[in-house]
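>>> 3D, please:
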Amino acid sequence: MPRKAYVSGTAALLAALLAGCTSGSGDGGGTDDANPGDTGTATVAAQPGKYRTLPEPCAAADHDTLDALLPGIKQLTDPVQRDKAYQGEASLTYDTDRKVGCRWKVESAEATDHLSVDFERVVSYDNAVSDDDQAARLFGEKETAADLPEPSGPASTGSSAPGSPSASATGGPGASTSPSNSPSGTPSGSSSGSSSASGAAGAPNGLQPRALTDLGDEAYLDDELSTSGSTAQQRTVTVVFRTSNVVVTIQYEEQPSATGAVPDSKEMQDKARDLASQLDDALGG
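Model prediction:
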């Protein structure tokens, strides 16, 4: 009899186990799916950026490009001074793998020109954010700070007559259609406005600060005309673009020597954009 009781107990235990297995398989296989579900929620590190190093900034522009941007270089008769002007001056930086830059300043009989080129390689320290996404955030912050005017619609593309002030004179999003080399086309109060207001006031139609669609992954151009004292007017054209996890900033300034002269907006923008395209090509963007 004890042996029979033992066998009955074992049979009861097996029956209970079988019942449990049957119940588990009948609820949609929750137990079997648990492990695959857990592995699916594992965090995958975001992709690193394309670039691990930065180019030599003072070699970013060749001599022909610098001749176009800085006409005073060709007027230098001393070969030593000319070579020094071509070389530029490297920006102070403590991590050349992350941020580098170069500056040039050349005076000529007509104007004083400044050029700066800066490269910043962005690295995300958040596993959930890629280097590219972090660079896009930095670019967005720069674009927001530039305070670009809204893109001109059909009603704001140019109804003003040459020489007449437009809505931009009061800080609005419109722009004057006055030629960029005419002092009468620049409202006297433009220097007290924001970058976008003064830029829109100083640039003719089609040349206002704006986003660029043919450069890098994203890009914009700013154009600001400011005054220094009562006679000299300085134009600053800035081009910023992002290629993968590198953000490039070009700033080109010109201040004429002649009283009342205004730097040409289209000419300066064309030169700055040409340099930006060269740098984008060199990066392989």
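>>> and residue 80, backbone torsions?
Dihedral pair for residue 80: phi -70, psi -40, per degrees, to the nearest 10.
>>> tally up the residues packed near it, please.
Neighbour count of residue 80, defined by other Cβ atoms under 10 Å: 8. (C-beta placed from N, C-alpha, C; glycine too.)
>>> and for residue 77?
7.
>>> and the gap between it and residue 85?
To residue 85, residue 77 is 12 Å away according to Cβ to Cβ, to the nearest Å.
>>> and residue 119, by the same measure?
As judged by Cβ to Cβ, residue 119 and residue 85 stand 21 Å apart.
>>> for the two, indicate the residue with more neighbours.
Neighbour count, other Cβ under 10 Å: between residue 119 and residue 85, residue 119 has more, with 23 against 19.
>>> host element of the more buried one?
strand 111-121 (DSSP states H and E).
>>> and for residue 92?
With DSSP H and E as the test, residue 92 turns up in no helix or strand.
>>> over to residue 102?
Per DSSP H and E: strand 99-107 holds residue 102.
>>> direction included, what does that strand pair against?
Paired neighbours of strand 99-107 in the sheet (DSSP bridges): strand 89-90 (antiparallel), strand 111-121 (antiparallel).
>>> return the most buried member of these.
Highest mean neighbour count among these (mean count of other Cβ atoms under 10 Å): strand 111-121, with a mean of 21.
>>> can you show me the strands along the stretch 151-285 of the chain?
Remark: strands assigned in the stretch 151-285 of the chain by DSSP state E, counting those that start in this stretch are 210-212, 218-228, 232-243, 246-256.
>>> so which of the ones you listed comes closest to residue 112?
strand 246-256 (5.1 Å; Cβ to Cβ).
>>> what strands line up against the closest one, and which way round?
strand 111-121 (antiparallel), strand 232-243 (antiparallel).
>>> so for it, mean pLDDT?
Strand 246-256 carries an average pLDDT of 96.
>>> CA atoms of it as PDB?
Provided in PDB are the C-alpha atoms of strand 246-256 (Å, rounded to 0.1, in the frame of the first residue of the first chain):
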ATOM      1  CA  VAL A 246      30.800  69.300 -38.600                       C
ATOM      2  CA  VAL A 247      29.500  72.900 -38.500                       C
ATOM      3  CA  VAL A 248      31.400  75.500 -40.500                       C
ATOM      4  CA  THR A 249      31.200  79.300 -40.000                       C
ATOM      5  CA  ILE A 250      32.500  81.800 -42.500                       C
ATOM      6  CA  GLN A 251      32.500  85.500 -41.700                       C
ATOM      7  CA  TYR A 252      33.500  88.000 -44.300                       C
ATOM      8  CA  GLU A 253      33.700  91.800 -43.500                       C
ATOM      9  CA  GLU A 254      34.500  94.800 -45.500                       C
ATOM     10  CA  GLN A 255      34.800  98.400 -44.600                       C
ATOM     11  CA  PRO A 256      35.500 100.900 -47.400                       C
END
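>>> so where's the stretch 51-200 of the chain uncertain?
152-200 (pLDDT under 70).
>>> hey, where'd the helices end up in it?
63-69, 79-87, 131-146, 195-202 (DSSP state H, counting those that start in this stretch).
>>> winner for burial among those helices?
Of those, helix 195-202 is the most buried (mean count of other Cβ under 10 Å), at a mean of 27.
>>> returning to what we had before: distance to residue 151 added to the strands paired with strand 99-107, as CSV?
Output for these, formatted as CSV (distance: least, Cβ to Cβ, whole Å):
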stretch, distance to residue 151
strand 89-90, 37
strand 111-121, 26
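>>> mind giving me the domain split of this protein?
2-40, 57-148+209-283 (automatic domain parsing).
>>> in JSON lines: those domains, plus distance to residue 47.
Formatted as JSON lines, those follow (distance: least, Cβ to Cβ, whole Å):
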{"stretch": "domain 2-40", "distance to residue 47": "19"}
{"stretch": "domain 57-148+209-283", "distance to residue 47": "5"}
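>>> residue 48: which of these is closest?
That would be domain 57-148+209-283 among these, by Cβ to Cβ, at 5.5 Å.
>>> pull up the distance across that closest one, start to finish.
Domain 57-148+209-283 has its terminal residues 12 Å apart, counting by Cα to Cα, to the nearest Å.
>>> please apply the same query to stretch 254-265.
Stretch 254-265 end-to-end distance (Cα to Cα) = 10 Å.
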